[in-house]
Every structure is written in structure tokens, then in C-alpha cells.
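Enquirer: My questions are about this predicted structure, shown below with the sequence.
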Amino acid sequence: MSDNRAIGVFDSGLGGLTVVRELFNTVPNEDIIYFGDTGRVPYGTRSVETIKKYASQDERFLLNQNVKLIIAACGTVSSVAADTAYELPVPFFEVVSHAAKAAVKATKNGKIAVIGTNATVKSRQHEKVILSLMPDAKVFNQSCTLFVPLVEEGWYSADDIVVLETVSRYLKPVFEFGADTLILGCTHYPILSEAIEKVLGDSVTLINAGVATAEAVKQYLNEQGMENIRNKESEHSFYVSDKPDSFVKQASILLGREVDGNKVQKVDINNL
Ligand code: DGL
């Protein structure tokens, strides 16, 4: 059995491309349709009500593209709005539970830290999943508000003094807490991995939610006989709710490769 329809991925903006990057590595035969809500980013500072409304519209857009599965790449949507996907007629993957499971597997001292947007940290969703799997775990939550603008500005080098100072300030309490495992609970944070490793040292394992989710998707497609087995190169399309050219300019930082401008289209997400 096979299913040659594309996988739909959405995010509040560009950040979800870090998850697409992992899908390219893990399920290279799959076509991807990506929607980035660049006209309404950020989600992480908004109310739960607004995030749910936006997530529902994003999901509807992808369903209209006839995808076989939907992934909320956004840590914020996954934390506070996953219930908008309960009724979807296609399988749905969020990034929180897979990251939490990977963290539980990785920790040796039972001390896990979670970093994410304000909304993600306030939801305590990672903590709930971690404690359901490991009731005696200790979880420390920290929002890192400046990490997203830093990455979007192109400031992520582990040699950049501004990057290192910002990362150190946010992660000082994580270090003091003694976590041996850190969940990167926001799409942009994997781009700062090198700087984070430099600050925390190699005794802390970083959990990239995109890697954990891509593995889970791979396993699911295989078990369900839903893999794309067409014998041709995979095709990807990108949709945004604001200017395609700004997306194309910044996309390569997060995706790790150039995006063909002809493959990026603007959609009116408010009217869905
Ligand atoms: N994509 C968001 C997340 O992973 C970060 C940007 C935003 O706040 O919308 O939480």
C-alpha cells in the first residue's frame, strides 16, 4: 500500500522550516506542502483563543490542498491548540509529545528543562507529558523571548558575542537547575544549538522536536502503509500569508538550503 499525497506542515511563520529540514532528512521521498503564517507571526505572545483560531484556519488551508497528514511544526500551536485537530479527517502530529518522549528517554538524572515561547511555557504541556511518562522527573520551564528575533535577524553564530550573552542570560537558571536534558520547544531554537551547547557544555543533551517528530512520522507512515513510493524526485510547495520574497530571503537559514522563489505563493488565510 502507499499514499502519494503530500504531507502538510504549518507554522506561525518561517520557523517550521526547521521541522521540514528534518523531514527532508528522514522521509526524503515525501512531498511537503508548507504553510507559514508570516502575516500573523508571532503566535507565541498571543492568547490561547487567538492561537486556536489561527491554527484551525491553517489546518483548513492544508486540508484543502488534499494532504494525507498534517504536522503542527509550531511549538506554540502544539502546546496550546492541538485540540483544534481532534476532528480532522487526516492524522495529525504535534511536536510536544514526541520531544517530551525523547527527553524522558535521554535523561539520566531526571532533570529536564524546557525552553519555548511565553505561550508554550505557560501551558506546561511538555511537563504534563514528561510527568505522565516519568512521574518523579523534575521539570524546569523557561521562556526565551529574544531567541526568535535573534535567529530571524541572522544572529545565531556561536562566535557572536551578542548571541552568547543572550543565550547565557536565559539559560543561567537552566544550568543552576542542573538539567541534563534540554527540550528546544520552539521552531527557531535548533538554529541556536551550537551557541546553546557552548554555553551549557556537553553534559546537557539537546532535544530537537523536529528530529523526534520526523522519526515518529516516518514510523507511522510505514506502519500504516502510507509512504510515498513514487519513483521520482519529491516536490515541495510553500505558502505564506505575507510577502513571499521576505520568506525566500530568510528561509535558507532555517531550512539549510535555498527555496525556489517560484515555489512560494501568497494566500489569504483570513478568508478561510
Ligand atoms: N513558531 C513559534 C513556536 O515554535 C515561534 C514563533 C512565534 O512565536 O510564532 O513556538
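Expert: Cool, got the structure.
Enquirer: Show me where the stretch 1-150 of the chain has its strands.
Expert: When secondary structure is read from DSSP state E, counting those that start in this stretch, the stretch 1-150 of the chain shows strands at 7-11, 32-36, 69-72, 92-94, 111-116, 138-143.
Enquirer: where does the residue lying closest to residue 25 once chain neighbours are set aside fall, helix, sheet strand or coil?
Expert: Nearest residue to residue 25, sequence neighbours excluded (CB to CB, 6 or more residues apart in numbering): residue 214, at 7.1 Å. (Each C-beta comes from the backbone N, C-alpha and C, glycine too.) In the three-state summary, residue 214 is assigned as helix, counting by DSSP: H, G, I helix; E, B strand; the rest coil.
Enquirer: The strands of the stretch 1-150 of the chain: which one's closest to residue 257?
Expert: strand 32-36 (12.7 Å; CB to CB).
Enquirer: same question for the closest one, mean pLDDT?
Expert: On average, the pLDDT along strand 32-36 is 98.
Enquirer: Does anything pack onto it? Which helices or strands?
Expert: With contacts defined as 3 or more CB pairs under 8 Å, 6 or more residues apart in numbering; DSSP states H and E, strand 32-36 has these neighbours: strand 7-11, helix 17-26, helix 48-64, strand 236-240.
Enquirer: Quick check: neighbours of it in the sheet, parallel or antiparallel?
Expert: On the basis of DSSP bridges, the sheet neighbours of strand 32-36 come out as strand 7-11 (parallel), strand 236-240 (parallel).
Enquirer: Tell me which of the ones you listed sits most buried.
Expert: Here the criterion is mean neighbour count by mean count of other CB atoms under 10 Å, and of those the winner is strand 7-11, at a mean of 28.
Enquirer: what inclination does that strand have with respect to helix 17-26?
Expert: For the pair strand 7-11 and helix 17-26, the angle between their directions (axes from the mean of the first three to the mean of the last three CA atoms, to 10 degrees) equals 150 degrees.
Enquirer: what's near enough to touch the residue nearest to residue 25?
Expert: Contacts of residue 214 were listed using CB atoms under 8 Å, 6 or more residues apart in numbering, and they are 19, 22-23, 25-27.
Enquirer: returning to that earlier point: the ligand: which of the helices and strands packed on strand 32-36 is closest?
Expert: Ranking the helices and strands packed on strand 32-36 by their distance to the ligand (criterion: CB to the nearest ligand atom) puts strand 7-11 first, at 5.0 Å.
Enquirer: near the ligand at all, that closest one?
Expert: Yes - Strand 7-11 lies in contact with the ligand when judged by CB under 6 Å from any ligand atom; the contacting residues are residue 11.
Enquirer: Centre of the chain to that strand, how far?
Expert: Centroid displacement of strand 7-11 relative to its chain, using CA atoms, centre = their mean, to the nearest Å, is 10 Å.
Enquirer: Looking at neighbours, which among the contacts of residue 214 is most surrounded?
Expert: The most neighbours of any of the contacts of residue 214, using other CB atoms under 10 Å, belong to residue 19, which has 32 neighbours.
Enquirer: What parts of the stretch 101-250 of the chain come near the ligand?
Expert: Proximity of the stretch 101-250 of the chain to the ligand is confined to 116-117, 120, 148, 186-187 under the rule CB under 6 Å from any ligand atom.
Enquirer: now do 8 Å
Expert: Within the stretch 101-250 of the chain, the positions adjacent to the ligand are 116-117, 119-120, 148, 185-188 by CB under 8 Å from any ligand atom.
Enquirer: So what's the predicted local confidence for the residue in the chain that the ligand sits nearest to?
Expert: The nearest approach of the chain to the ligand comes at residue 44, 2.7 Å away (CB to the nearest ligand atom). The pLDDT attached to residue 44 in the predicted structure is 96.
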